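1. generate coordinates for the sequence data below:
(chains A and B)
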Amino acid sequence: NAGVMQNPRHLVRRRGQEARLRCSPMKGHSHVYWYRQLPEEGLKFMVYLQKENIIDESGMPKERFSAEFPKEGPSILRIQQVVRGDSAAYFCASSPTGTGGGGYTFGSGTRLTVV
Amino acid sequence: GENVEQHPSTLSVQEGDSAVIKCTYSDSASNYFPWYKQELGKGPQLIIDIRSNVGEKKDQRIAVTLNKTAKHFSLHITETQPEDSAVYFCAASIEGAQKLVFGQGTRLTINP
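-> Okay, the predicted model is just below:
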């Protein structure tokens, strides 16, 4: 029973390029959450999705960031026109039910470096 | 919104001694408090959690206490071992609110 799978593990992009981060939830989990971790800081909530729906995007920057969780395939976090400040670790978590009160399983993260 | 403060930011203890990490939260509606351990290059791993209807929970060498009145909760690790070295995060949420608010993390080092 594989855990939450994120890829790539490391991603290097030049300023102005697009970054695409993928997350496959655990089998049987239909709720996905994205968090961002800046160096030496805690994780910050970005977005919560269910299949084909964005439920809560209150933590997403207003511009350049978007997320989706299609009916088939992984959840995607897309960052357009990346800037140096986007360099961070991005973690995906999944749960079988839509609650922050337990059941979260995190992936190993994607470390984005913008040069 | 919720704000979680975590102290200390770094903690160094001798192997076999106890370690205590403390967190405070601001939103009295929060009722779920998990603790995560993050090892280098890995994602956070849930190690213990507590809900607001209990004051203490223990799992082998790890325990968590919760004081709802003061709005703080603590992680206690006894008989520390080198493999306990990691970054520990506390978090708070309201069940049903779909997201966790994390503290800033504590880097725990166990000295042999």
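2. now do the strands in chain A.
-> Secondary structure of chain A by DSSP state E: the strands cover A:5-7, A:10-13, A:19-24, A:31-37, A:43-50, A:53-56, A:65-68, A:75-79, A:88-95, A:105-106, A:110-114.
3. tell me the contacts of residue A:57?
-> Residue A:57 sits next to A:46-48, A:67 when contact means Cβ atoms under 8 Å, 6 or more residues apart in numbering or on different chains. Any C-beta I mention is one placed from the backbone N, CA and C, and that applies to glycine too.
4. give me that answer again for 7 Å
-> Applying Cβ atoms under 7 Å, 6 or more residues apart in numbering or on different chains to residue A:57 gives the contacts residue A:47.
5. any idea how far it is from residue B:47?
-> 29 Å (Cβ to Cβ, to the nearest Å).
6. before we move on, the earlier item: could I get the strands of chain A in TSV, plus columns for mean pLDDT?
-> Formatted as TSV, the strands of chain A follow (pLDDT from 0 to 100):
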stretch	mean pLDDT
strand A:5-7	97
strand A:10-13	98
strand A:19-24	98
strand A:31-37	95
strand A:43-50	94
strand A:53-56	93
strand A:65-68	98
strand A:75-79	98
strand A:88-95	94
strand A:105-106	91
strand A:110-114	97
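7. a markdown table please, covering those strands and showing mean neighbour count.
-> Below are the strands of chain A laid out as a markdown table (neighbours: other Cβ atoms under 10 Å in any protein chain shown):
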| stretch | mean neighbour count |
| --- | --- |
| strand A:5-7 | 18 |
| strand A:10-13 | 15 |
| strand A:19-24 | 20 |
| strand A:31-37 | 24 |
| strand A:43-50 | 22 |
| strand A:53-56 | 14 |
| strand A:65-68 | 18 |
| strand A:75-79 | 20 |
| strand A:88-95 | 24 |
| strand A:105-106 | 20 |
| strand A:110-114 | 18 |
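8. would you list those in TSV and tack on distance to chain B?
-> TSV is the format used below for the strands of chain A (distance: least, Cβ to the nearest Cβ, whole Å):
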stretch	distance to chain B
strand A:5-7	8
strand A:10-13	10
strand A:19-24	11
strand A:31-37	7
strand A:43-50	4
strand A:53-56	5
strand A:65-68	14
strand A:75-79	15
strand A:88-95	5
strand A:105-106	4
strand A:110-114	8
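9. nearest to residue B:68, of those strands?
-> Residue B:68 lies closest to strand A:43-50 among the strands of chain A, at 23.0 Å (Cβ to Cβ).
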